[in-house]
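In: 3D, please:
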Amino acid sequence: MIGIHGVFSPHPIDVKRLRDILPKDLGKYLFNHQAFSRGLLAKISLKKFERDRVFREYDGNVVSLDGIVLNLKKLLIEGEAKDLDALILGLCMKDPTSFPSKLLGSFQGFMYLEKENKLIVFTDQIGSRPIFYFHDTADNTLIFSSSFPNVVRMMRCLGYTVRLNEEAAYCLLTFGHMLGDLTLVEGVRRLPPGSVLVYHDGAFSINQYYRLSNHPPVVDSEDECAHEIARMIAKAVYMEYAKDLEYGYSHLATLSGGLDSRTSLAFAKKLGFHDITCFTYSQDNYLDKKIAEKIARENGFNWIFFSLNYGDHLVKYMDDVISLNGGLVNYVGVCNIYPWLAKLPLEKYGLLHTGLMGGEIFGDFAAFSPHKKYQSLRYFLTGERSGELLGRISFLVDKELSKFGDPELFKLYNVGVNAHFTSMYVVNQFIDMISPYIFSPLLEYVVRLPKEYKVNEKVYVKMINRYIPDFAKYKWERYKIPPKYPLYGMRSYGFLLSFYVKLVSELSPYYSMNPFDYWYKRNIVLRKGLAITFKNNIDVLKECDMLRDDCKRLFEEGNFLEKTVVITLLKALNILKISC
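Out: I've put the predicted structure just below:
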C-alpha cells in the first residue's frame, strides 16, 4: 500500500470506512492523512528519506510527494525554498501544467488547493511509480491510488460495482502485462507516464507534460555516443549513491551475470563509492551466481546469494505478490526477488540500486520484425498457445502502436511501464528501487540513437569496453563469453549455444537463472500448488464462457509461464472479488 491515495466526491462520504481500507499494521511505514467531509487524502511511505517525502497541510492546502528526488538539493537552492513542500508549491504556481518536469528521480504526488477547490495528481516523467484512477463522470467522484487493488476496494466501499475488463484480461494472458492504460477493472485506468491529473470544480482533465520521442535523431558517431552514454550513466549513478550518503546509509545493489547491474556497479566504484553490498538470486550453480560472485570478490563488494532452487517460492508467495500487483503483470518475475527482501537488513541501506531496463533501452526494445509484429511485441510469453489468443486483441495492439508510430517507444511504454514498473511497485513496499537506466535525460538521448547502434547492444558494449574495461572481462550470461569479442562472433556463438541450451534444459536446471519448465517437471510441490490453485479459482470465470475456456486450454496445454499467467488472472479476480 506504499504511495498516495485519495477520494473526492460531490457527496458526503463515509471517511472512516475509507480509512479502514488502508493497512492497520503501519509499524514500518509513515502514515499521513487529511479527511474532508467529501474526501480523503493519504500517503503511506517507508520511514526513510524523510526530506524527500512530504505530507504537509497549511492554510487549507495539502502538498504530498512520495519517492526519491535525486536533484532535490539543487532545486532547493535554485528555488530559494526551505523544504520540498514549499518547492513543489512554488513550482506549481509558476507552471501548473508541467512543474514535475523539474524533478529528477522516481516519485509521485498530489496537491489540494482548498480556495480553488482544485486537486492535482502527478507522476514522474516515465511513470516509475504508478497511479491508478477511477472517475465517475455521472456524479464526478474521483478515486486515485498508487495501488490498483486499493482503487478497487475504495470503489466497492463507495457502492460501485466492480466488473472485469475482458480486453485487459486477454492482454495479460497474451503478453503477461497490460497494454496502454488498461487495468483488469472497467473504468479504472493507469495515469499515463509524465502526466498531471487535474480535478477542479467538477472538471476533470489529464495533461501529459512529458513524452519521449525519437526526434530529432542523434547524429553523433558511435564513439561520441559511447562517450555521452558513459557520462550520463555516471551522472545518474552518482546522484543515486550520493542520495544514500546524504542520509547516512550504506549501499545495496542487485548483481547478476548480465551487463546492466555490473555496469551500474562499475561506475559506482569508478566514482569512488564503497561499502557496497550486492545480492544475487538465481538457480544454484548457474552462471548468474558464478559471474556475480567473481565480480563481487574481485572488486571488493560484499555479496549475498539467494538460491531459487526448484521454485517452491512461486507457490508460497503467490498470494502475497498478486495481492500487491493486482494481477496486472505475471507474478512470477517479481516473486523471484520477493522472499529475499524480508531476509535482508534493509534498515542499513538506502536505495536498492539495480540495472532495471538497461538491456531493454540499449537494444532489446529496438528489435522488431514487421512480419511477426504481434509475436515480437510479446514480453513474458513465448508459447504457441498464448499466441493463439492474439486474435482476441490484435486490434488493441494496432491501436496502441498507432499512438507511437515506433515499435521501440511502444515497447518502452508498454513493457517498461506496464511490466517492469508494476513489478517495481512490489519491491518498493520494502525498499526504494532505482536504476540509472530510468534517468530521464539518458532515456531522452538513447531513444534518439540510430537503430543500428542499438541492435545487439552495439554501442552499449562499446561503451563498457572503453570506459569500464575491467568489467568487460567477465562473462556475459547471455552469450556465456565476455562482451569483448566482435558482435558477429558473440551472435554466432550464441546461436550455436541455443541448440545446446535446448538440449540441456531437458536434463539439467543449470541453463537459466530461473529454469521454470525444469522446475515444473521435477517439483511436485510446484505442480500440485499450481493445479490446486487453478481448480480452486477457475469458477471465478463461470459467467465468462469464452475467457474461461481459453484459460482452461492455456493452463492445461501451455508452458510454465502460460500456466502462471492464467493463475495470476484467476487469483487476482478472486482476491479482489472482480466479477464478469
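
In: from the centroid of this structure, which residue is nearest?
Out: By Cα atoms, centre = their mean, the chain has its centre lying nearest to Phe421, at 1.2 Å.

In: for that residue, give its distance to Ser128.
Out: 5 Å (Cβ to Cβ, to the nearest Å). Quick note: C-beta positions are derived from backbone N, CA and C, even for glycine.

In: re the thing from before, I'd guess the residue nearest to the centre of the chain is in a strand, am I close?
Out: No: counting by DSSP: H, G, I helix; E, B strand; the rest coil, Phe421 falls outside a strand, being helix.

In: quick check: pLDDT value at it.
Out: Predicted confidence (pLDDT) at Phe421: the value is 95.

In: go on, the one 10 residues further on?
Out: Taken from the predicted model, the pLDDT recorded for Ile431 is 98.

In: and what of Tyr488?
Out: pLDDT recorded at Tyr488 is 62.

In: just Asn117 next, same as before
Out: The per-residue pLDDT reported for Asn117 equals 86.

In: that one reaches Asp201, doesn't it?
Out: Yes: in this structure Asn117 lies within contact range of Asp201 using Cβ atoms under 8 Å: 5.3 Å.

In: and Tyr1, what pLDDT?
Out: Heads up, residue 1 is Met, not Tyr. 81.

In: what's the neighbour count on it?
Out: Look at Met1: counted by other Cβ atoms under 10 Å, it has 18 neighbours.

In: roughly how far does it sit from Val121?
Out: Taking Cβ to Cβ, one finds Met1 at 17 Å from Val121.

In: repeat for Ile295
Out: 41 Å.

In: re the thing from before, ok, Asn117 and Asp201, which is more surrounded?
Out: Legend: neighbour count by other Cβ under 10 Å for Asn117 and Asp201, higher for Asn117 (12 against 8).

In: residues contacting that one?
Out: Asn117 sits next to His200, Asp201 when contact means Cβ atoms under 8 Å, 6 or more residues apart in numbering.

In: swap in 10 Å and give it another go.
Out: Phe8, Tyr199, His200, Asp201, Gly202 (Cβ atoms under 10 Å, 6 or more residues apart in numbering).

In: and what of Arg38?
Out: Residues in contact with Arg38 (Cβ under 10 Å, 6+ apart) are Val7, Phe8, Ser9, Pro10, His11, Pro12, Ile13, Val15, Thr141.

In: what count of nearby residues applies to the third one?
Out: By the measure other Cβ under 10 Å, the count of residues near Ser9 is 18.

In: gap between it and Ala342?
Out: 37 Å.

In: what residues sit buried inside stretch 288-298?
Out: Judged by neighbour count using 16 or more other Cβ atoms under 10 Å, the buried positions of stretch 288-298 are Asp288, Lys289, Lys290, Ile291, Ala292, Glu293, Ile295, Ala296.

In: again, but for stretch 75-83
Out: Counting neighbours by 16+ other Cβ under 10 Å, the buried set in stretch 75-83 is Leu75, Leu76, Ala81.

In: swap in stretch 530-546?
Out: Residues Leu530, Thr533, Phe534, Asn537, Ile538, Val540, Leu541, Cys544 are the ones in stretch 530-546 that count as buried (16+ other Cβ under 10 Å).

In: make CSV out of these and add secondary structure, distance to Cys278 and pLDDT.
Out: Output for those, formatted as CSV (DSSP: H, G, I helix; E, B strand; the rest coil; distance: Cβ to Cβ, whole Å; pLDDT from 0 to 100):
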residue, secondary structure, distance to Cys278, pLDDT
Leu530, helix, 32, 98
Thr533, helix, 34, 98
Phe534, helix, 37, 98
Asn537, helix, 38, 98
Ile538, helix, 41, 98
Val540, helix, 41, 98
Leu541, helix, 43, 98
Cys544, coil, 45, 96
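
In: tabulate those residues (a markdown table), appending distance to Phe365.
Out: Below are the buried residues of stretch 530-546 laid out as a markdown table (distance: Cβ to Cβ, whole Å):
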| residue | distance to Phe365 |
| --- | --- |
| Leu530 | 31 |
| Thr533 | 33 |
| Phe534 | 33 |
| Asn537 | 34 |
| Ile538 | 35 |
| Val540 | 34 |
| Leu541 | 33 |
| Cys544 | 33 |
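
In: what's the closest of these to Glu50?
Out: Nearest to Glu50 among the buried residues of stretch 530-546: Thr533, at 40.2 Å, using Cβ to Cβ.

In: OK, contacts around the closest residue in space to the closest one that isn't next to it in sequence?
Out: The shortest distance from Thr533 to any non-neighbouring residue, by Cβ to Cβ, 6 or more residues apart in numbering, is to Ile567 (5.5 Å). Contacts here follow Cβ under 10 Å, 6+ apart; on that basis Ile567 touches 314-315, 318, 322, 327, 330-332, 529-531, 533-534, 537, 551, 555.

In: below-threshold pLDDT in the stretch 251-400 of the chain: ranges please.
Out: Residues of the stretch 251-400 of the chain meeting the criterion pLDDT under 70: 368-385.

In: try 80 this time
Out: Across the stretch 251-400 of the chain, the ranges flagged by pLDDT under 80 are 367-388.

In: domains of this protein?
Out: Split into domains by automatic domain parsing, the chain comes to 3-208, 222-574.

In: and stretch 209-229, how far out from the chain middle?
Out: Its chain's C-alpha centre and that of stretch 209-229 lie 24 Å apart, by Cα atoms, centre = their mean, to the nearest Å.

In: what's the closest of the buried residues of stretch 75-83 to Leu179?
Out: Leu75 (34.7 Å).

In: helix, strand or coil for that closest one?
Out: Here Leu75 is recorded as helix under three-state DSSP.

In: which ones are touching the nearest residue to it once chain neighbours are set aside?
Out: Nearest residue to Leu75, sequence neighbours excluded (Cβ to Cβ, 6+ apart): Leu87, at 5.8 Å. By Cβ under 10 Å, 6+ apart, the contact list for Leu87 reads 54, 63, 65, 69, 72, 75-76, 78-81, 99, 102-103.

In: mean confidence score for the helix or strand that contains Val237?
Out: According to DSSP states H and E, Val237 maps onto helix 222-246. Mean per-residue pLDDT for helix 222-246: 98.

In: after it comes which helix or strand?
Out: Sequence order places strand 250-254 as the next helix or strand after helix 222-246, per DSSP H and E.

In: can you give me the buried ones in that next one?
Out: His251, Leu252, Ala253, Thr254.

In: out of those, flag the one nearest to Gly176.
Out: Thr254 (20.9 Å).

In: just checking, the closest one touches Leu351?
Out: No: if you go by Cβ atoms under 10 Å, Thr254 and Leu351 don't touch, sitting 11.3 Å apart.

In: any shared contact partners between the two?
Out: Met433, Ser435.

In: would you state the helices of the stretch 401-550 of the chain in chain order?
Out: Using DSSP state H, counting those that start in this stretch, the helices assigned to the stretch 401-550 of the chain run over residues 407-411, 422-427, 440-446, 451-454, 458-467, 487-504, 516-522, 524-537, 545-557.

In: most surrounded residue in the contacts of Arg38?
Out: Most neighbours among the contacts of Arg38, by other Cβ under 10 Å: Val7, with 25 neighbours.

In: may I have stretch 76-90 as PDB, with CA atoms only?
Out: These are the backbone C-alpha positions of stretch 76-90, laid out as PDB (Å, rounded to 0.1, in the frame of the first residue of the first chain):
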ATOM      1  CA  LEU A  76      16.000  23.900  -3.200                       C
ATOM      2  CA  ILE A  77      19.000  26.300  -3.800                       C
ATOM      3  CA  GLU A  78      17.800  27.400  -7.200                       C
ATOM      4  CA  GLY A  79      14.200  28.000  -6.000                       C
ATOM      5  CA  GLU A  80      15.300  29.500  -2.600                       C
ATOM      6  CA  ALA A  81      12.800  27.100  -0.900                       C
ATOM      7  CA  LYS A  82      13.300  25.900   2.600                       C
ATOM      8  CA  ASP A  83      11.800  22.400   2.000                       C
ATOM      9  CA  LEU A  84      10.200  20.100  -0.500                       C
ATOM     10  CA  ASP A  85       6.600  21.200   0.000                       C
ATOM     11  CA  ALA A  86       7.500  24.800  -0.500                       C
ATOM     12  CA  LEU A  87       9.400  23.900  -3.600                       C
ATOM     13  CA  ILE A  88       6.600  21.900  -5.100                       C
ATOM     14  CA  LEU A  89       4.000  24.600  -4.400                       C
ATOM     15  CA  GLY A  90       6.300  27.300  -5.800                       C
END
